[in-house]
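> Sequence and computational prediction follow.
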Amino acid sequence: MLFTAPMEAALNVVIDPSTPSILTDEMLIASLKKRGPQTIEALAAESGMSWAQMFSAVDRLSRAGAVSLRRIGSAYQVAYHQAAQS
């Protein structure tokens, strides 16, 4: 009897691109510190990341209290909260 489960498990490994990234978070915060509040689109364009990747980072940092989101028309502006990092 041939046991194939380990091979199938190895072939079905999925790398989750939304896994928190310290470098992404630091890059986002550095950009906000340098340039002030920006839209998710501007942050994504500057970083070379997709809108979805940047949104994931903003969501993570927003839940941690490091950034806030404000809707401006159809876009969302992201601002850094200095007190959150003390």
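Received the coordinates, thanks.

> quick one, what contacts the nearest residue to residue 39 once chain neighbours are set aside?
Nearest residue to residue 39, sequence neighbours excluded (CB to CB, 6 or more residues apart in numbering): residue 75, at 4.6 Å. The way it works is simple: take the backbone N, C-alpha and C, and place the C-beta from them, glycine included. Residue 75 is in contact with 39-41, counting by CB atoms under 8 Å, 6 or more residues apart in numbering.

> now residue 70
Taking CB under 8 Å, 6+ apart as the test, what residue 70 contacts is 37, 76-77, 79.

> any weak-confidence spans in the chain?
1-20, 83-86 (pLDDT under 70).

> So for the chain, the centremost residue is which one?
Residue closest to the average C-alpha location in the chain (CA atoms, centre = their mean): residue 57, at 1.5 Å.

> doesn't it fall inside a helix?
Yes - applying DSSP: H, G, I helix; E, B strand; the rest coil, one finds residue 57 inside a helix.

> List the residues that contact it.
Neighbouring residues of residue 57 by CB under 8 Å, 6+ apart: 21, 24-25, 28, 49.

> follow-up on the earlier one: residue 61: which of the contacts of residue 75 is nearest?
residue 40 (11.6 Å; CB to CB).

> Double-check that closest one against residue 58; I have them as touching.
Yes - assessed by CB atoms under 8 Å, residue 40 is found in contact with residue 58 at 6.0 Å.

> Going through the contacts of residue 70, which ones are buried?
Buried residues within the contacts of residue 70, defined by neighbour count using 16 or more other CB atoms under 10 Å: residue 77.

> So which of the contacts of residue 70 sit within strands?
76-77, 79 (DSSP state E).

> re earlier: what about the contacts of residue 57, which one has the most neighbours?
When neighbours are taken as other CB atoms under 10 Å, the top entry among the contacts of residue 57 is residue 28 (27 neighbours).

> Spatially nearest residue to residue 62 (excluding sequence neighbours)?
Nearest one to residue 62, counting by CB to CB, 6+ apart, is residue 69 at 5.9 Å.

> what's near enough to touch the residue lying closest to residue 57 once chain neighbours are set aside?
Spatial nearest neighbour of residue 57, excluding adjacent residues (CB to CB, 6+ apart): residue 24 at 4.8 Å. Contacts here follow CB under 8 Å, 6+ apart; on that basis residue 24 touches 47, 49, 53, 57.

> Fine by me, thanks again.
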